[in-house]
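S.K.: Provided below for reference: sequence and predicted model.
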Number of protein chains: 2
Amino acid sequence: MSSYFLTGIYITMTKNKDNILTLENFFPYQLSVSSNKISSFFTDIYQDKFALSITQWRIMAVLGEFPESSADEVSNKTQIEKSILSRAINKLLQRKLIQRTFSAEDKRRSILSLTNTGHEVYDEIVPLSYQYEQTLLTCFSEREKQQFHSLLERLYQHTEALDDKSV
Amino acid sequence: MSSYFLTGIYITMTKNKDNILTLENFFPYQLSVSSNKISSFFTDIYQDKFALSITQWRIMAVLGEFPESSADEVSNKTQIEKSILSRAINKLLQRKLIQRTFSAEDKRRSILSLTNTGHEVYDEIVPLSYQYEQTLLTCFSEREKQQFHSLLERLYQHTEALDDKSV
DNA sequence: AAAAAGTAGTTGCTATAACAACCATTTTTA
DNA sequence: TAAAAATGGTTGTTATAGCAACTACTTTTT
């Protein structure tokens, strides 16, 4: 960390020497650690209270918002890879939290929805999730929440664009 | 999504009804998806060019910055769980990218450093990482970069505190 | 209308994450 | 100073992520 003396105070350069990487200031690292920590926070809640993995909950969340979605649509909305999705769907079917039929027009296409039980669980989880989200965001003002949200959104779009180029 | 007509334009409320969760606007979800995408972006680079996992690279990064660290110190700095760390360290030892001795004062404590080869690899990866970090950030103006950095830093600190409370 | 290409979903396999149990050593405490 | 607790690190086990190969069906091409 280079710093120099100027008009009575030390000015510390945030940018490090090029030949050393300061992990804790490297933004992809910070993002990853923060995100993992928050994810495991929610994982614990969903797991302890409802015996659901984050993946399973996300599927239910999509079906709560968009009933009658196919597995493929859920995959596009959640970025969950289709094999992971397939297995998670099977578990939710076994527990009768969701139900499945197949489309008459296209026999490959599944039609997924929450069951009544699934809806009950969903209705319990939703307010709880919002509540914990707010708890997490206490470190931001309303304005900062908006800002962070919009910056994150942009970054996400940008990374998607990068993907397309490299594939 | 509730919206109402006012002075000739539709005003759409960003906050949804409390009984439905809009996944794509749920902050922990956005964070997780963005973070995973960026992580896999770097995973691909480290994997393709150096046959290193992110975990392995992070260990090397810490040892580049703090030579002679113990496994435990690396674990504290990187948030990598000790069993994962132990196995990753073994792989790095096998590839002779790092070397290990044990402390004379405390025979349990390992002393880890990059080997010469490890340093060569490190010196190649560091500028590359900075370069890709910049590429990712091209979607932001200078001002936005500052904002993003400071918000993320705050969140990062905040999530650290989260751990302490729950444990 | 048959062959080829594409799509929706499943299954098999490998690597890694996460947790707990464990060993060896050191520190605490009674 | 012996027993108990704590610490640094390893190993075993289970669950999940991610990729590729596969089946079944549909669409496109020729």
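M.R.: Structure received.

S.K.: how about A:Glu144, nearest residue that isn't a chain neighbour?
M.R.: The shortest distance from A:Glu144 to any non-neighbouring residue, by CB to CB, 6 or more residues apart in numbering or on different chains, is to B:Leu151 (6.1 Å). The way it works is simple: take the backbone N, C-alpha and C, and place the C-beta from them, glycine included.

S.K.: check A:Met60 too.
M.R.: Nearest residue to A:Met60, sequence neighbours excluded (CB to CB, 6+ apart): A:Tyr122, at 5.7 Å.

S.K.: what's the neighbour count on the residue nearest to A:Glu144?
M.R.: When counting by other CB atoms under 10 Å in any protein chain shown, one arrives at 19 neighbours for B:Leu151.

S.K.: if I look at it, how far off is A:Phe27?
M.R.: Separation of B:Leu151 from A:Phe27 (CB to CB, to the nearest Å): 11 Å.

S.K.: common neighbours of the two, please.
M.R.: Residues touching both B:Leu151 and A:Phe27 (CB atoms under 8 Å, 6 or more residues apart in numbering or on different chains): there are none.

S.K.: could you pull out the helices for chain A?
M.R.: Per DSSP state H, chain A carries helices over the ranges A:27-50, A:54-65, A:71-78, A:82-94, A:116-136, A:142-166.

S.K.: JSON lines please, covering those helices and showing mean pLDDT.
M.R.: Formatted as JSON lines, the helices of chain A follow (pLDDT from 0 to 100):
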{"stretch": "helix A:27-50", "mean pLDDT": "92"}
{"stretch": "helix A:54-65", "mean pLDDT": "96"}
{"stretch": "helix A:71-78", "mean pLDDT": "95"}
{"stretch": "helix A:82-94", "mean pLDDT": "96"}
{"stretch": "helix A:116-136", "mean pLDDT": "94"}
{"stretch": "helix A:142-166", "mean pLDDT": "81"}
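
S.K.: which of those sits closest to A:Glu105?
M.R.: helix A:71-78 (14.3 Å; CB to CB).

S.K.: those residues of chain A touching DNA strand C, which are they?
M.R.: By CB under 7 Å from any atom of the strand, the residues of chain A that approach DNA strand C are A:36, A:40, A:70-73, A:75, A:82-83, A:85-87, A:89-90, A:106, A:108-110.

S.K.: now, of those, which are buried?
M.R.: A:36, A:70-71, A:73, A:75, A:85, A:89, A:110 (16 or more other CB atoms under 10 Å in any protein chain shown).

S.K.: A:His158: what's it in contact with?
M.R.: Going by CB under 8 Å, 6+ apart, A:His158 touches B:136, B:138-139.

S.K.: for PyMOL, what selects the buried ones among these?
M.R.: In PyMOL, a selection of the buried entries from those looks like this (16+ other CB under 10 Å):
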select buried, chain B and resi 136+139
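
S.K.: a markdown table for the contacts of A:His158, including distance to A:Thr117?
M.R.: Shown next, in a markdown table, are the contacts of A:His158 (distance: CB to CB, whole Å):
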| residue | distance to A:Thr117 |
| --- | --- |
| B:Leu136 | 43 |
| B:Thr138 | 47 |
| B:Cys139 | 43 |
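
S.K.: near DNA strand D, which residues of chain A show up?
M.R.: Within chain A, the positions near DNA strand D by CB under 7 Å from any atom of the strand are A:53-55, A:81-84, A:88, A:105-108.

S.K.: dump those residues into a markdown table; add distance to chain B as well.
M.R.: Below are those laid out as a markdown table (distance: CB to the nearest CB, whole Å):
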| residue | distance to chain B |
| --- | --- |
| A:Ser53 | 13 |
| A:Ile54 | 8 |
| A:Thr55 | 11 |
| A:Glu81 | 11 |
| A:Lys82 | 16 |
| A:Ser83 | 16 |
| A:Ile84 | 12 |
| A:Ala88 | 15 |
| A:Glu105 | 27 |
| A:Asp106 | 25 |
| A:Lys107 | 28 |
| A:Arg108 | 25 |
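
S.K.: of those residues, closest to B:Tyr156?
M.R.: Nearest to B:Tyr156 among these: A:Ile54, at 20.5 Å, using CB to CB.

S.K.: quick one: neighbours of the closest one, just the number.
M.R.: Neighbourhood size, A:Ile54 [other CB under 10 Å]: 20.

S.K.: which ones are touching it?
M.R.: With CB under 8 Å, 6+ apart as the criterion, the residues that contact A:Ile54 are A:39, A:42-43, A:46, B:32.

S.K.: widest-spaced pair of those residues?
M.R.: Farthest pair in those, by CB to CB: A:Tyr46 and B:Ser32, 13.1 Å.
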